[in-house]
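Enquirer: build the 3D model from these lines:
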Amino acid sequence: MQYNVQRVDQAVVFMLGGKVLNEQQTAAIREKLSHEIAGNQKKFIFDLKDVEFVNSACLNFLVSAKNKITESGGKIILCNVSDQLKKLLNMTRLASFFLVAGRTAEALALLNQTSQG
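Expert: As a prediction, the model looks like this:
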């Protein structure tokens, strides 16, 4: 799995791509996420536009990331979620566990709303 990180407003945007087939492939992303949380970052967006394949390893990574972010008092929003991932989130009853936005701009707007309210 490849990733890039950008700061947009006060949020950290993880742009993920490729396939997540096992946990070793997410190690660098998890390390970067931990570093951002340790730096008191509270707003995260996971842009999944370029994710090619979703399986249980990908779901596990997303759930673990959300738990880690939430435990630190932060917020996470998924955006550009594929139809395949939407179906998987519904089938596993995780759809209500995540906030999902269409695009990055919508995710930023949602993050700003949730931090004010």
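
Enquirer: against which helices or strands is the helix or strand F44 falls within packed?
Expert: Counting by DSSP states H and E, the element that carries F44 is strand 43-53. Contacting strand 43-53 under the criterion 3 or more CB pairs under 8 Å, 6 or more residues apart in numbering; DSSP states H and E are the following elements: strand 11-19, helix 56-71, strand 75-79, helix 104-116. Placement of C-beta: from N, CA and C, glycine included.

Enquirer: so for the third one, what's the average pLDDT?
Expert: pLDDT averaged over strand 75-79 equals 97, rounded to a whole number.

Enquirer: in the sheet, which strands lie alongside that strand, parallel or antiparallel?
Expert: Note on strand 75-79: by DSSP bridges, its sheet partners are strand 43-53 (parallel), strand 99-101 (parallel).

Enquirer: tell me what angle the first one forms with helix 104-116.
Expert: Meaning strand 43-53. 140 degrees (axes from the mean of the first three to the mean of the last three CA atoms, to 10 degrees).

Enquirer: quick one: buried residues of strand 43-53?
Expert: 43-48, 51 (16 or more other CB atoms under 10 Å).

Enquirer: list the buried residues of stretch 53-70.
Expert: 54, 57-59, 61-62, 65-66, 68-69.

Enquirer: closest one of the residues you listed to F14?
Expert: A65 (8.5 Å; CB to CB).

Enquirer: contacting residues around the residue nearest to the closest one when sequence neighbours are not counted?
Expert: Spatial nearest neighbour of A65, chain neighbours left out: L33 (5.9 Å); criterion: CB to CB, 6 or more residues apart in numbering. By CB atoms under 8 Å, 6 or more residues apart in numbering, L33 lies in contact with 14, 44, 65, 68-69.

Enquirer: out of those, flag the one nearest to L89.
Expert: Taking the contacts of L33 together and measuring to L89 by CB to CB, the closest member is A65, at 14.1 Å.

Enquirer: relative to E106, how far out is the closest one?
Expert: 19 Å (CB to CB, to the nearest Å).

Enquirer: what of N90?
Expert: N90 is 20 Å from E106, by CB to CB.

Enquirer: of the two, give the one with the bigger neighbour count.
Expert: Set N90 next to E106 and count neighbours by other CB atoms under 10 Å: E106 wins out with 15 against 11.
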